[in-house]
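[1] the following block contains a protein sequence and its predicted model.
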Amino acid sequence: MPPHVRVSSATKASINCSEMDAQLAAALRNTQIRIESTNRTSATFLYGSRETMLDTACEFLSPDLRPVPPQPNCPQSMKIYEDHRQMAAEYLRVKTEMSELRKYKTELTEKIKQNQELENLSTPTHEDNVQFTQLNSEKEALLAFREKLTEQLTLIEAAQTKKSGSAHSTGGSTDGWVVLNSKPPE
């Protein structure tokens, strides 16, 4: 126990126990004060078991906000001390909840950013649309150029077969052999 909670034997001797018991009984009837133990034979008075949130909440407060130990023979002091402990526990609960909500908020913010990045990747931008249009027109131009080349090749082949029509052929054989003049054309 801290030294300021210890009670000297001279102080204990000067306390009228019957008056204190009467005040304590009256206080317990009128209010809901929780006093775990008052051991008048030892040099300390206990104000809690340190097992509940009320007991440990005060330890988490800054020193200037911690409740001052009560006067054990004064019910009003005990009530004020108990109220202060309850407010400290409520304060700690609210701070914890705020911390958890902040953490949850950052998680949600991160998820929103990831979803927006995925949407941006899947949604084509103006540059993507322009590039798609340009590539599509290039494709159509290349296909048209190929058609022209195919057409020209067919015309060239047709012209060559007309020229080579004067060449001697094997008389309609279907085996794919063509006999040409050994003289090159002039």
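    Ah, there it is.

[2] residue ranges with poor pLDDT in the protein?
    1-21, 23-24, 26-55, 165-186 (pLDDT under 70).

[3] tell me if Leu149 really is in a helix.
    Yes: when DSSP: H, G, I helix; E, B strand; the rest coil is applied, Leu149 is found to be in a helix.

[4] look through the chain and tell me its longest helix.
    Across the chain, the longest stretch assigned as helix under DSSP state H is helix 75-122.

[5] how much space separates Gln131 from Thr125?
    Between Gln131 and Thr125 the computed distance is 9 Å (Cβ to Cβ, to the nearest Å). Heads up, the C-betas are built off the backbone N, CA and C, glycines and all.

[6] same check on Glu59?
    Glu59 is 57 Å from Thr125, by Cβ to Cβ.

[7] same question for Met87.
    56 Å.

[8] what's the answer for Ser99, then?
    Taken as Cβ to Cβ, the span from Ser99 to Thr125 is 39 Å.

[9] now swap in Glu147 and tell me
    Counting by Cβ to Cβ - Glu147 and Thr125 are separated by 33 Å.

[10] nothing else from me, thank you.
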